[in-house]
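In: Got a sequence here, can you build the structure:
(2 chains)
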Amino acid sequence: MVRVRIAPSPTGIPHIGNTRTALYNFLFAKANSGKFILRIEDTDRVRLVPESEKAIYEILRWLGLNWDEEYKQSDRLEIYKKHLRELVDKNFAYEDSGAFRFRMPKIGRTAWVDEIGKKEIIFDNSMQEDFVIIKSDGYPTYNFANVIDDHLMQISHAIRGEEFISSTPKHIQLYNAFGWQLPTFVHLPVILGPDKTKLSKRHGAKSVLDYRDEGYLKEALLNFMVLLGWNPGGNREIISIEEMIKLFDLKDVNTASPIFDVKKLEWMNGVYIRQAKPDELISNIKYQILNIKKNYLDESLIQKLVPLAQTRITTLNDFYDLAFPFLEDQHISLTKEEKEIAERLYRELSILDKWSNEAIFSVFKKFMGSEKVKMSIFYKIFTGKTSGLPLPQTLEILGKEKTLERLKN
RNA sequence: GCCCCCGUCGUCUAGCGGCCUAGGACGACUGGUUUUCAGCCAGUAAAUCACCGGUUCGAAUCCGGUCGGGGGUACCA
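Out: The predicted model follows:
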């Protein structure tokens, strides 16, 4: 029975790195009809960031990484103390300035075969030191609580970041002291930032919530993350979560650390936006504007404008930036020539009795045919920008009245 | 410093001894479509497979070393 877990510590809001580990655990569980467990490891009371626990749930729920069981280490203090007593009784642990340390063997070697790369990793025990298992505040350390919980929760595979390789000998010796069976260790290469160092808040790694708020689609983010260190073979790149579950296999996880590159994420998000059904996109965009941008825009206009924007945006928020110039009054300063064109445009458009995109465009054509007028000038006049949504169509949707109103300023 | 992991285009990667004068994707660039911008289509550049040595008829693929990068070295996880 496959049972895996993610063990986030609520000391910050998860970024792409932590979340990709969650994804791999989730996929591995689903691919093997196993269980996916969420365990909040909140034993560091000084670095605890209260909001981050909520963010962990929010991110997993948003991405649809649903868990089967849930635990929190601060609820389990008695369990750790009980196990401490066992170790002290067996002389495997001893007190040291209010804390308790585990007696590590100093001779011999500690080794295991890691699932990633199927290689044996060996540590010389002479390098090891007695490490703290219970801190003087009574809370267990990661090394202690993690091992006890993994055993008690019958974790079959410890899938975690590579940064834990060097503490694995500690874990193994703890398992041995208790006489417990080892899980399979699976150490995922850490995702590096553009600066080639481990992704962290300090180096500007955004949280997953940031990406959501910037208008990235969960499908795109999931797809992008899964490809950071894994690939399904062939030249497949756009993969749904269902396909990932079907295809996911630890043997296809790379041994080298990938560098995170937003450009590809942006491209992929655009692909998912273009693929989306118009109705889905519309409701996503409405939700985004209302809840994230906290702004109000005419819903029926959004509905009509989204199809024009679909191939032109890479994030949901881009829609807002594209539509905003048409929907709100802009302070546009025009040159003398542009003003003249605007005035003539007003005259020509106001006598139009059929307000259609073709009719509007034919007016534009008059200018473009006889003079050296380019489309960009019209954009400038209407929006203050030199490009944007298809102009005649957009003006048709806006309506004659509003269009002429814009021209008056 | 010491311990451990890793090393194919700028980036994500395919590759598992001959199919590789190394394939795909992003990004960059060029051209086409066109009512701007996108999109779409076609194409170009981009990796002496980190380096050196070995094994082999044959190596990106196996072995050793070097160098480079990363991670760890906490009463943080």
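In: can I see the domain layout of chain A?
Out: A:1-72+A:141-275, A:277-327, A:336-408 (automatic domain parsing).
In: Let me have those domains in a markdown table, extended by distance to A:Phe100 and mean neighbour count.
Out: For every residue, glycine as well, the C-beta is placed using N, CA and C. Converted to a markdown table, the domains of chain A look like this (distance: least, C-beta to C-beta, whole Å; neighbours: other C-beta atoms under 10 Å):
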| stretch | distance to A:Phe100 | mean neighbour count |
| --- | --- | --- |
| domain A:1-72+A:141-275 | 9 | 18 |
| domain A:277-327 | 47 | 17 |
| domain A:336-408 | 65 | 15 |
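In: Kindly reformat these as TSV containing mean pLDDT and distance to RNA strand B.
Out: Supplementary listing: those in TSV, determined by pLDDT from 0 to 100; distance: least, C-beta to the nearest atom of the strand, whole Å:
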stretch	mean pLDDT	distance to RNA strand B
domain A:1-72+A:141-275	96	3
domain A:277-327	91	4
domain A:336-408	88	3
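In: gap between A:Leu228 and A:Phe260?
Out: Here A:Leu228 is placed at a distance of 7 Å from A:Phe260 (C-beta to C-beta, to the nearest Å).
In: where do the contact lists of the two overlap?
Out: Any residue near both A:Leu228 and A:Phe260 by C-beta atoms under 8 Å, 6 or more residues apart in numbering counts here, and that gives A:16, A:191.
In: And for A:Lys304, nearest residue in space, chain neighbours not counted?
Out: A:Ile397 (4.7 Å; C-beta to C-beta, 6 or more residues apart in numbering).
In: Now do the contacts for the one you found.
Out: When contacts are counted by C-beta under 8 Å, 6+ apart, A:Ile397 touches A:301, A:304-305, A:308.
In: Tell me which two of those sit farthest apart.
Out: Using C-beta to C-beta, those reach their maximum pairwise distance at A:Leu301 and A:Leu308, which is 11.0 Å.
In: hang on, the earlier thing: phi and psi next, for the residue nearest to A:Lys304.
Out: Summarising the backbone geometry of A:Ile397 under the convention degrees, to the nearest 10, its torsions are phi -70, psi -40.
In: Can you tell me how far it is from A:Ala205?
Out: Looking at A:Ile397 against A:Ala205, where the rule is C-beta to C-beta, the gap reads 40 Å.
In: now swap in A:Ile79 and tell me
Out: If you go by C-beta to C-beta, the gap between A:Ile79 and A:Ala205 works out to 33 Å.
In: Kindly report the same for A:Phe102.
Out: 33 Å.
In: Next: A:Asn176.
Out: If you go by C-beta to C-beta, the gap between A:Asn176 and A:Ala205 works out to 36 Å.
In: same deal with A:Lys135?
Out: Using C-beta to C-beta, A:Lys135 is found at 28 Å from A:Ala205.
In: all helices of the stretch 51-200 of chain A, in order?
Out: A:77-89, A:142-152, A:168-178 (DSSP state H, counting those that start in this stretch).
In: any chance of these in CSV, with distance to A:Leu23 too?
Out: Rendered in CSV, the data for the helices of the stretch 51-200 of chain A read as follows (distance: least, C-beta to C-beta, whole Å):
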stretch, distance to A:Leu23
helix A:77-89, 29
helix A:142-152, 20
helix A:168-178, 22
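In: Start from the N-terminal end of the stretch 201-350 of chain A and give the helices.
Out: A:208-213, A:218-226, A:241-247, A:262-275, A:278-287, A:299-309, A:316-327, A:336-350.
In: angle of the fourth one against helix A:218-226?
Out: Helix A:262-275 and helix A:218-226 are oriented at 140 degrees to each other (axes from the mean of the first three to the mean of the last three C-alpha atoms, to 10 degrees).
In: Likewise for the longest one?
Out: Taking the same axes, to 10 degrees, helix A:336-350 and helix A:218-226 form an angle of 130 degrees between their directions.
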